[in-house]
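1. sequence unavailable; structure follows:
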DNA sequence: ATACTATATTCGAATGTTTGAATATTCCAA
DNA sequence: TTGGAATATTCAAACATTCGAATATAGTAT
């Protein structure tokens, strides 16, 4: 059980482990939005957004509600929003190192190392 | 910037998105441990633990301290521990659905669907 | 019925992650 | 300085994720 609990947590982190999906959750922090609105605000392919929404749905991080033609999405549990808020705090706290990490990831590093 | 911030967050979630790495962080919640102790308690291959530690190090989720022969690891920032604590709350709150999700993942589902 | 709009799914190529086996490094002790 | 213990790295195979293009479904209006 210990291990499958950890698999469960890992799967949720996995679902959060993509910039587009984080953007979706952050957009939904202000309340529910339709798939189309998410698509517009993110400026990405329709299919791509829909695929990311499918990931978030499959891990139950979001719930959806059909209204006629459209499908509205919302974050299922505010705990997830809290998790992202903690991440923001973490980022701010470690801003300097975070920026160094980011530039290394870019391959545009200006950071000294010995 | 908005987007690279999200890439940063996504990378941290990615680092947490593995049961073994979650186990490592949870073991470290009680204080620092050597790589060897982690290996023993997790009962996994030496190389495997070391690789997972390398992932956690590269995203700066843990810090390490060499002491003679050994390397001791610790969680860098308690915020990460808080994140995992939130996940525990989330899990407890959604225990029923979580169990269903887990059994689906196992392929050993006993859950009814229509 | 037909056409239109909104959303979802499937497919395959590209890319990234995970693993154990083998090997390397580092430190200490004899 | 040789040997052993602790840890890290490299490699390649297996597996998973991501993307856009194409296609499917479902609702609404004509």
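-> Perfect, thanks for sending it. Keep in mind it's a predicted model, so treat the numbers as computed, not measured.
2. find the nearest non-adjacent residue to the spatially most central residue of chain A, please.
-> Central residue of chain A (C-alpha atoms, centre = their mean): residue A:22, 1.7 Å from the mean position. Distances taken as C-beta to C-beta, 6 or more residues apart in numbering or on different chains put residue B:6 closest to residue A:22, at 4.7 Å, once the chain neighbours are dropped. All C-beta spots, glycine's among them, are computed from the backbone N, C-alpha and C.
3. which residues does the host helix or strand of the one you found contact?
-> Secondary structure assignment for residue B:6, by DSSP states H and E: helix B:2-16. Identification of contacts with helix B:2-16 by C-beta atoms under 8 Å, 6 or more residues apart in numbering or on different chains yields A:9-10, A:13-14, A:16-19, A:21-23, A:26, A:84, A:87, A:90-91, A:98, A:101-102, A:105-106, B:21-22, B:25, B:55-56, B:58-59, B:61, B:80, B:83.
4. for the residue nearest to the centre of chain A, which residues are in contact?
-> By C-beta under 8 Å, 6+ apart, the contact list for residue A:22 reads A:16, A:84, B:6, B:9, B:10, B:13.
5. name the element it belongs to?
-> Residue A:22 belongs to helix A:19-28, assigned by DSSP H and E.
6. the helix or strand immediately after that helix in the chain pairs with which strands?
-> Downstream of helix A:19-28, the next assigned helix or strand under DSSP H and E is strand A:33-34. Neighbouring strands of strand A:33-34 in its sheet, by DSSP bridges, are strand A:70-75 (antiparallel).
7. buried sites along the strand it pairs with?
-> By neighbour count on 16 or more other C-beta atoms under 10 Å in any protein chain shown, the buried set for strand A:70-75 is A:72, A:73, A:75.
8. any idea which of those residues is closest to DNA strand D?
-> residue A:72 (12.9 Å; C-beta to the nearest atom of the strand).
9. from residue A:49, how far off is that closest one?
-> The spacing between residue A:72 and residue A:49, counted by C-beta to C-beta, to the nearest Å, is 14 Å.
10. with residue A:94 instead?
-> Residue A:94 is 30 Å from residue A:49, by C-beta to C-beta.
11. near DNA strand C, which residues of chain A are found?
-> A:34-36, A:39, A:46-47, A:50-51, A:53-54, A:64, A:69-71 (C-beta under 7 Å from any atom of the strand).
12. who wins for most neighbours among those?
-> The most crowded member of these, judged by other C-beta atoms under 10 Å in any protein chain shown, is residue A:53 (21 neighbours).
13. doesn't that one fall inside a helix?
-> Yes. Residue A:53 sits within a helix when classified using DSSP: H, G, I helix; E, B strand; the rest coil.
14. that one touches residue A:35, doesn't it?
-> Yes. Judged on C-beta atoms under 8 Å, residue A:53 makes contact with residue A:35 at a distance of 6.2 Å.
15. mutual contacts of those two, please.
-> Common contact partners of residue A:53 and residue A:35 (C-beta under 8 Å, 6+ apart): residue A:73.
16. burial measure for residue A:23, as a count.
-> When neighbours are counted by other C-beta under 10 Å, residue A:23 comes out with 22.
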